[in-house]
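**Student:** got a structure for you, letters missing:
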């Protein structure tokens, strides 16, 4: 080790020792300052005990203060001339006098021989009797000097009126029912002026056209066919006849009925994306042109920015447009035959569709027979058909559920899992995910929770999974 290194080590050690000494000295000085600031109290007359007689010196002289008893003839009128009341001398003297205790019965007290202004009492009376006599005397004096302060209760002459008031209040409240004739008149006077049930405020840009006079269907067809062509988003034209029923323009019948109102709407987004600014401007221009052509007053149903609304709807679609699926792959026994697969599928409730997929239709009474709850198809992307199933073997099949298109999608997912497990046993197959990892109950429960989150998100937006609006939006 060189001399330079030794010198550096020694210098570092000295610096550390110096810092420790300085810190110790500063801490000691701080403690002294604190002790000086909070020095203990040497003597406390309230907390210290009295000195015992042994501690006092023998020649100490104890001086007791000589208090003069105040005279009872002290007059307050001279010092306070404004006070015009008198102090009862008897009460004052009795308050100053010290009570004398004797061995006699404590239920009797010795009263003064004479009490100014009070009734004469015998030498020994009971406390109760003396108290009653004094109270009675005081009451007599008050009634003599202040007769106006005596309150005489007056008989209540309004008892019956008060009872009637409380009787009305405590009666049970009767429900307010309007006369039936008024209800019928109101219903007849207010026809249904709502928008067509097909339209959705979160999905469509809608304008209502109020016609100055009724027009025929042929007049509208000639104008509308030219204005609403070539849009990349769905456009709907509803008409309202004199019967106050909304219908699509192409479904309106009878053709001879006159039209009183129109509703023109364009869907703001679909699975192809959001409507562009140019598309929105073109639609608004077409509606304005139609209004001028038929002399109609236009009322747009939303004041929000249409482009921002379309982009927001498209972002929502991206978040919830999900499909849930898993697969059955062949096990140790090898691929399963198509005939066996079809037999098990039909036994579970599947039906082979024209698109080469097995569709599962829910058995609920409100289920739409045209909309399957979930589907099963060949994982190798070869559509199923009767001839193929009869002559081929299948290595893997896929179960899939389209969340936006299925009502009660949580229950449909549970049903799909049960069907898949039944077919897993019948085909001696293995249930796996997209990465060919075995799918257990824990993984299935995680998928179910994700599905519930997506369903809740759609409900908050006002678009119910499986509804006509949801199917139109996610088409």
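**Tutor:** That came through, no problem. Fair warning: this is a prediction, and the values are worked out from it, not measured in the lab.

**Student:** quick one, what contacts the nearest residue to residue 427 once chain neighbours are set aside?
**Tutor:** Closest residue in space to residue 427, ignoring its immediate chain neighbours: residue 336 at 4.6 Å, by CB to CB, 6 or more residues apart in numbering. Every C-beta, even on glycine, is put in place using the N, C-alpha and C of the backbone. Residue 336 makes contact with 330, 393, 394, 427, 428, 429, according to CB atoms under 8 Å, 6 or more residues apart in numbering.

**Student:** The first one touches residue 396, doesn't it?
**Tutor:** So that's residue 330. Yes: with contacts counted by CB atoms under 8 Å, residue 330 reaches residue 396, the gap being 6.8 Å.

**Student:** element containing residue 225?
**Tutor:** In the assignment (DSSP states H and E), residue 225 maps to helix 217-227.

**Student:** other SSEs contacting that helix?
**Tutor:** For helix 217-227, the elements it packs on are strand 235-241, strand 259-267, helix 277-293, judged by 3 or more CB pairs under 8 Å, 6 or more residues apart in numbering; DSSP states H and E.

**Student:** Which one of these lies nearest to residue 474?
**Tutor:** strand 259-267 (11.3 Å; CB to CB).

**Student:** Which helix or strand lies directly C-terminal to that closest one?
**Tutor:** strand 269-270.

**Student:** strands paired with that following strand, and their directions?
**Tutor:** strand 273-274 (antiparallel) (DSSP bridges).

**Student:** For residue 435, see how far away the residue nearest to residue 427 is.
**Tutor:** 22 Å (CB to CB, to the nearest Å).

**Student:** same deal with residue 9?
**Tutor:** 61 Å.

**Student:** In terms of neighbours, single out the busier of those two.
**Tutor:** residue 9 (11 against 5; other CB atoms under 10 Å).

**Student:** Helices of this protein, residue ranges please.
**Tutor:** Using DSSP state H, the helices found in the chain span residues 3-37, 76-79, 89-96, 127-145, 159-170, 180-189, 217-227, 277-293, 306-320, 338-348, 386-391, 409-427, 441-461, 468-473.

**Student:** Adding mean pLDDT and distance to residue 401, write those helices out as CSV.
**Tutor:** Listed next are these as CSV, based on pLDDT from 0 to 100; distance: least, CB to CB, whole Å:
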stretch, mean pLDDT, distance to residue 401
helix 3-37, 89, 72
helix 76-79, 47, 101
helix 89-96, 44, 98
helix 127-145, 67, 94
helix 159-170, 50, 60
helix 180-189, 41, 44
helix 217-227, 79, 39
helix 277-293, 93, 32
helix 306-320, 95, 13
helix 338-348, 93, 15
helix 386-391, 92, 23
helix 409-427, 94, 6
helix 441-461, 94, 8
helix 468-473, 93, 14
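
**Student:** To residue 259, which of those helices lies closest?
**Tutor:** helix 217-227 (6.5 Å).

**Student:** circling back to that earlier point, buried ones among the contacts of residue 336?
**Tutor:** 330, 394, 427, 429 (16 or more other CB atoms under 10 Å).

**Student:** Fine, thanks again, bye for now.
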